[in-house]
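Asks: here is my input, please return the structure:
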Amino acid sequence: KADGGQPLLFGSNMALRASAWHQIANEVCRDKVDVMHEDIDISLHLLGKDLKTVYSPRMIAAMSARRMDTSLSSFLNYMRRFKNTFDAHPQHWRKHKPEILFTAMYPAMHLFY
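Replies: Numbering: from 1, shown residues only. Alright, predicted model coming up:
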């Protein structure tokens, strides 16, 4: 969540209206060095246009756990994308930082993967 509770889109299971995309298409970050989460970037651009994002518990999809099969350094680089994305959008803020929990859980998740 960002900006006091607005849900963020989650890349492996999200939907976006074409009309919303057309409003932000020319503004989304072109992350050529691949250091941000594009789904969060899209979310923050939507919020910047006062467009509503919602969470639907009925949208259920499987996702890969392949990040658990990477090295610790690769995993940490991936987790750093949360900070990088918010750093690129200083007008937005977040209270919770899921990357802290995910990083703490990495050793066990990696072991069980």
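
Asks: so which elements touch the helix-or-strand element of the chain with minimal mean pLDDT?
Replies: Lowest by mean pLDDT, DSSP states H and E among the helices and strands of the chain is helix 98-112, with a mean of 94. Where contact means 3 or more CB pairs under 8 Å, 6 or more residues apart in numbering; DSSP states H and E, helix 98-112 is packed against helix 72-87. Where you see a C-beta, it was placed from the backbone N, CA and C, and this is true even at glycine.

Asks: buried ones in the helix it packs on, by neighbour count?
Replies: Going by neighbour count (16 or more other CB atoms under 10 Å), the buried part of helix 72-87 is 75, 78-79, 81-82, 84-86.

Asks: list the contacts for the residue nearest the centre of the chain?
Replies: Against the mean C-alpha coordinate of the chain, by CA atoms, centre = their mean, the closest residue is Ile40 at 3.7 Å. Counting by CB atoms under 8 Å, 6 or more residues apart in numbering, Ile40 makes contact with 2, 8-9, 82, 85-86.

Asks: for it, identify the helix or strand it belongs to.
Replies: Using DSSP states H and E, Ile40 falls within helix 38-48.

Asks: so how far is that helix from its chain's centroid?
Replies: Between the centre of helix 38-48 and the centre of its chain there are 9 Å (CA atoms, centre = their mean, to the nearest Å).

Asks: hang on, the earlier thing: which of the buried residues of helix 72-87 sits closest to Val33?
Replies: For the buried residues of helix 72-87, the minimum distance to Val33 (CB to CB) is 9.5 Å, reached by Asn84.

Asks: surely that closest one meets Val33?
Replies: No - the criterion here is CB atoms under 8 Å, and Asn84 misses it with Val33 at 9.5 Å.

Asks: quick one: common contacting residues for those two?
Replies: With CB under 8 Å, 6+ apart, Asn84 and Val33 have no common neighbours.

Asks: confidence score at the residue nearest to Lys49 when sequence neighbours are not counted?
Replies: In this structure, Lys49 finds its nearest non-sequential neighbour in Gln23, 5.3 Å apart by CB to CB, 6 or more residues apart in numbering. The per-residue pLDDT reported for Gln23 equals 98.
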